[in-house]
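S.K.: Give me the fold of what follows.
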Amino acid sequence: MKLPTGPAVDEGNQYRLDTFNAGDAWRLFKIQSEFVDGFDTLSSVIRPAVSIYGSARTKSSDKYYKFALTVSRKLVESGYAIITGGGPGIMEAANKGASEANVEGASIGLNINLPFEQAPNPFADVQMNFKYFFVRKVMFIKYAMAFICMPGGFGTLDELFEALTLIQTKRIKGFPIVLVGSEFWKGGVEWIKESFLKRGTIDKEDLEIFKILDDPDEVVNYIMRRVIL
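M.R.: Sure thing, here's the model as predicted:
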């Protein structure tokens, strides 16, 4: 198969991971600076934080937008900060709910530079912008003591499975992972049971890493029982 040619494609190096040039060297400094900025900014957050994931495409009329709004406000009122991806949809709802609790520094948005969808929402009082997904994901995990995964797409699943893998392999300390919306997650969990568990690619205990809940108060109470302030 002939690869497309043109100024944006180098046929010889397009798929080589070990090709290194001056541009790559400068990229390392950019990556390092994102880590340093993230660590410096988020280490100043003195409240234990909960990371909330979900679709950027969720409308304000959607029940899960309203759920994120409510659960975020309740969590901040209970002593936690909220970390989101800083964009629209579920992220906007979570930051807005956190800001409604009127606690300075409790609404955190870690925005990613994308050509579409991901414009920063105005409700994060701690706002950062990232170029690299993997740096941003480190911040979600390093500074959170619990995860809430709302209905979302590929990005939400990526962030969820990253957390599940790190806890399963004991690379990080286990903490609560809540999947909100049994109607949304039920099919995926059944697929995991049928395709993973039956084939022995995960253990039965791995299914206990996460919990599916449908009520904001249940989510808050579950996290408060597991994460002592």
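S.K.: center of the chain - which residue?
M.R.: Taking CA atoms, centre = their mean as the criterion, residue 53 is the residue nearest the geometric centre of the chain, at 4.5 Å.
S.K.: Check whether that one really touches residue 159, as I assumed.
M.R.: Yes. The criterion here is CB atoms under 8 Å, and residue 53 meets it with residue 159 at 4.9 Å. For every residue, glycine as well, the C-beta is placed using N, CA and C.
S.K.: list residues touching both of these two?
M.R.: Common neighbours of residue 53 and residue 159, using CB atoms under 8 Å, 6 or more residues apart in numbering, are 140, 147, 149.
S.K.: can you tell me which of those residues lies nearest to residue 170?
M.R.: Nearest to residue 170 out of those is residue 147 (CB to CB; 16.6 Å).
S.K.: List the contacts of that closest one.
M.R.: 50, 51, 52, 53, 159, 160, 163, 175, 176, 177, 178.
S.K.: Just name the closest of those to residue 102, please.
M.R.: For the contacts of residue 147, with residue 102 as the reference and CB to CB as the criterion, the closest is residue 50, at 17.6 Å.
S.K.: Among the contacts of residue 147, find me the one that's closest to residue 194.
M.R.: residue 160 (18.4 Å).
S.K.: mind checking how far the closest one is from residue 44?
M.R.: 27 Å (CB to CB, to the nearest Å).
S.K.: and if you look at residue 155?
M.R.: From residue 155 to residue 44 the distance is 26 Å (CB to CB).
S.K.: the more surrounded of the two?
M.R.: Higher neighbour count among residue 155 and residue 44: residue 155, with 19 against 9, using other CB atoms under 10 Å.
S.K.: and that one, backbone torsions?
M.R.: Note on residue 155: its backbone torsions stand at phi -60, psi -40 [degrees, to the nearest 10].
S.K.: that older thread, for the residue nearest to the centre of the chain, name its beta-bridge partners.
M.R.: residue 149 (DSSP bridges).
S.K.: can you tell me which residues contact the residue lying closest to residue 103 once chain neighbours are set aside?
M.R.: Take residue 103 and drop its neighbours on the chain: the residue closest to it by CB to CB, 6 or more residues apart in numbering is residue 76, 5.4 Å away. Contacts for residue 76 (CB under 8 Å, 6+ apart) come out as 82, 97, 98, 101, 103, 106, 107.
S.K.: Just send the residues you listed back as TSV, with pLDDT, neighbour count and distance to residue 194 too.
M.R.: Output for the contacts of residue 76, formatted as TSV (pLDDT from 0 to 100; neighbours: other CB atoms under 10 Å; distance: CB to CB, whole Å):
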residue	pLDDT	neighbour count	distance to residue 194
82	98	33	34
97	97	27	35
98	97	34	37
101	95	17	41
103	93	17	43
106	96	26	40
107	97	27	39
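S.K.: TSV for the shared contacts of residue 53 and residue 159, including distance to residue 29 and pLDDT?
M.R.: Shown next, in TSV, are these (distance: CB to CB, whole Å; pLDDT from 0 to 100):
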residue	distance to residue 29	pLDDT
140	23	95
147	31	97
149	33	98
